[in-house]
Every structure is written in C-alpha cells, then in structure tokens.
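A.B. asks: coords please:
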Amino acid sequence: MIIDSIKTHFSIIQDNRQSAKLDYPLFDFLFGALCAVIAGARGWTDIREYVLGHHEWIRRHQLFEKGVPVDDTFARLIATIVPQAFRQCFLDWMQAVHSLTQGEIVAIDGKTLRGSYNRDYRYSTIHMISAYASTNQIVLGQLKTDNKSNEITAIPELIQILDLRGALVIIHAMACQTNIAKAIVQ
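C.D. replies: Residues are numbered from 1 along each chain as shown. The predicted structure is shown next:
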C-alpha cells in the first residue's frame, strides 16, 4: 500500500514526545500535513481542514483514529521535527516514486517566500532553491539558503543531494557560474 511506502521513508523522523502523553502517532501528523500541502494547504488551519474533509478515508487507513486535533497541535508537533531529517526523508521518497528519464527537464530556481520577512531581524527573509521535474510536474527537492547568502551558493548543494543523471538541467542566467556548471556535469 502507498501509505506503508510513505511510512517506510519517513520512519527515521524521531518522536520526542513523552510516550505517556501520546494520543496521536507522529506519522498521522506527517501524512496528514504532507497530503494537505501537496493539495495546496497554506497553513495549519488548512492542514486541519484537509484532514477533517478526508477523515473518513483517513480513518479507514488507521490514521487519526481518535479524531482530528486542533491546528495548534499540528503546528506544535510539526515544529519539533528536525528539518534536515524531514528533507532527507522527502528526498528518499521522491527518488523512490520518481526516476528521471533521459533528457527530462529539471528546472532549478530560487524564490523568496512571501510573508517571511521580519522587521526586527533584517536577514529573516526565507530564500528557497527548488529542483522541479517538468514532465511529472513534481518538486524533486528544495533547500533553504543561508541567512546571509543567496541562491548561487545553495544551488551546488542542492545538485549534490539529487540524482540528476540523464536530466537536462535548466537554470536562469544569474546562476550560470563555473562551479554550478561543474556540479551539474559531475
């Protein structure tokens, strides 16, 4: 079953909650949030509403059997997850369900996340680098750039963690740098 496959890929994420206080397994939150975000959810309330809207189907697969928690519970639990562990699980899952074909286009681009600026901290705006497989319309991986950096320094790192053999990588002119070209070729 697909849910078991996803559970296998995300099983390395540790649940640091006290075992006596567990009403919901960590995987329930991960699966619900992952499905909701893929479906277009933009926040904790959207994630909860997605799970509520699909609760009958979700319960048939033994998830959220004690009901759907409030959106603050989603936020609190998801915030405890180590981002690098989640990223590795996501990349492993994407590589398991998607393989690049010879000549498939992978677009690499950076974007600034809207609403991520904090006036109190000048460098707080979040910049993300994404690798997008255009044929299957799926993001293969993403990286957040360092606070005082830009996408040029993060692109080689993203290229290293993805298996892009046989793909045609497209990138905008600003990223046409020698070290990025070497990373793509390698």
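
A.B. asks: which helix of the protein spans the most residues?
C.D. replies: As assigned by DSSP state H, the longest helix anywhere in the chain is helix 83-97.

A.B. asks: Pull whatever helix or strand comes next after that one out as CSV, backbone CA atoms only.
C.D. replies: With elements assigned by DSSP states H and E, the helix or strand that comes after helix 83-97 is strand 105-112. The C-alpha coordinates for strand 105-112 follow below in CSV (Å, rounded to 0.1, in the frame of the first residue of the first chain):
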residue,chain,number,x,y,z
ILE,A,105,14.0,18.8,-18.0
VAL,A,106,14.8,19.7,-14.4
ALA,A,107,14.4,23.4,-13.7
ILE,A,108,16.4,24.9,-10.8
ASP,A,109,15.3,28.2,-9.5
GLY,A,110,15.2,30.2,-6.3
LYS,A,111,12.3,32.1,-4.8
THR,A,112,11.8,34.3,-1.7
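
A.B. asks: before we move on, the earlier item: what helices or strands is the longest helix of the chain leaning on?
C.D. replies: helix 2-9, strand 138-144 (3 or more CB pairs under 8 Å, 6 or more residues apart in numbering; DSSP states H and E). Backbone N, C-alpha and C define where each C-beta goes, glycine included.

A.B. asks: Just the CA atoms from it would do, formatted as PDB, please.
C.D. replies: The C-alpha trace of helix 83-97 is given here as PDB (Å, rounded to 0.1, in the frame of the first residue of the first chain):
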ATOM      1  CA  PRO A  83      14.200  20.000   9.100                       C
ATOM      2  CA  GLN A  84      17.300  18.100   7.800                       C
ATOM      3  CA  ALA A  85      15.700  14.700   8.700                       C
ATOM      4  CA  PHE A  86      12.400  15.600   7.100                       C
ATOM      5  CA  ARG A  87      14.300  16.800   3.900                       C
ATOM      6  CA  GLN A  88      16.200  13.600   3.700                       C
ATOM      7  CA  CYS A  89      13.000  11.500   4.100                       C
ATOM      8  CA  PHE A  90      11.300  13.600   1.500                       C
ATOM      9  CA  LEU A  91      14.200  13.300  -1.000                       C
ATOM     10  CA  ASP A  92      14.300   9.500  -0.400                       C
ATOM     11  CA  TRP A  93      10.600   9.300  -1.000                       C
ATOM     12  CA  MET A  94      10.800  11.400  -4.200                       C
ATOM     13  CA  GLN A  95      13.600   9.300  -5.600                       C
ATOM     14  CA  ALA A  96      11.600   6.100  -4.800                       C
ATOM     15  CA  VAL A  97       8.500   7.300  -6.700                       C
END
